[in-house]
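Participant: model the structure of this input:
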Amino acid sequence: MVSTRCKMMVKEELKKLGLHFMIVDLGVVDIMEDISDNTRALLKAGLLESGLELMDDKRAIMIEKIKNVIIEMVHYAEEPLKVTFSEYLSEKLDQNYTTLANLFSEVQGTTIEQFVILHKVERIKELIIYDELNITEIAWKMNYSSVAHLSTQFKKVTGLSPSHFKLLKDKRRSPIEEVGN
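Facilitator: As a prediction, this is how the structure comes out:
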């Protein structure tokens, strides 16, 4: 689940099945009662109809947790991180970063760092389109050490400088759900 809309769809499926929940958050659902195999199958089918997936595999669940932490950090955080991203991810998931990075690379075929960069570039596009912040403010907000560093990464991913992107009439962005997949 990577958006408010996804969370709403999950809540609806849970309500249809008469399930009570305490938490429906990005990638996590805490159901108050034990559910039967039949109810689990119905939930899985209902979620699939909505384009969502019920995950049972521990590795897949951990990958989703990693992705959700990245998405929350890049797209929804108000302030830049005060620690390194590896420390932040390790703390959030209570796991060693090397273990998380190796799992992510093995399953996804890309690094956590590359996944973060792709999401940062999408967020930068969004901020450029909103036109509320200048590029220096965007660099600070996105936790870059300099405008040059932001510009280099942006150009590497998009083929355009941020200023050239800003001039484009057709500012194409990707939905969060499709970034890095």
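Participant: so for the residue nearest in space to the middle of the chain, what's the pLDDT?
Facilitator: In the chain, the centroid-proximal residue (CA atoms, centre = their mean) is Ile71; its distance is 2.5 Å. Predicted confidence (pLDDT) for Ile71: 93.
Participant: let me know the helix or strand that it is in.
Facilitator: helix 58-71 (DSSP states H and E).
Participant: in the chain, where's the longest helix?
Facilitator: The residue-count maximum for a helix in the chain (DSSP state H) belongs to helix 112-130.
Participant: could you name the helices and strands sitting against that helix?
Facilitator: On a contact count with 3 or more CB pairs under 8 Å, 6 or more residues apart in numbering; DSSP states H and E, helix 112-130 meets helix 58-71, helix 97-108, helix 135-141, helix 147-158, helix 162-167. (Each C-beta comes from the backbone N, C-alpha and C, glycine too.)
Participant: now tabulate these in CSV and tack on distance to Val24.
Facilitator: Shown next, in CSV, are the helices and strands packed on helix 112-130 (distance: least, CB to CB, whole Å):
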stretch, distance to Val24
helix 58-71, 13
helix 97-108, 24
helix 135-141, 28
helix 147-158, 32
helix 162-167, 35
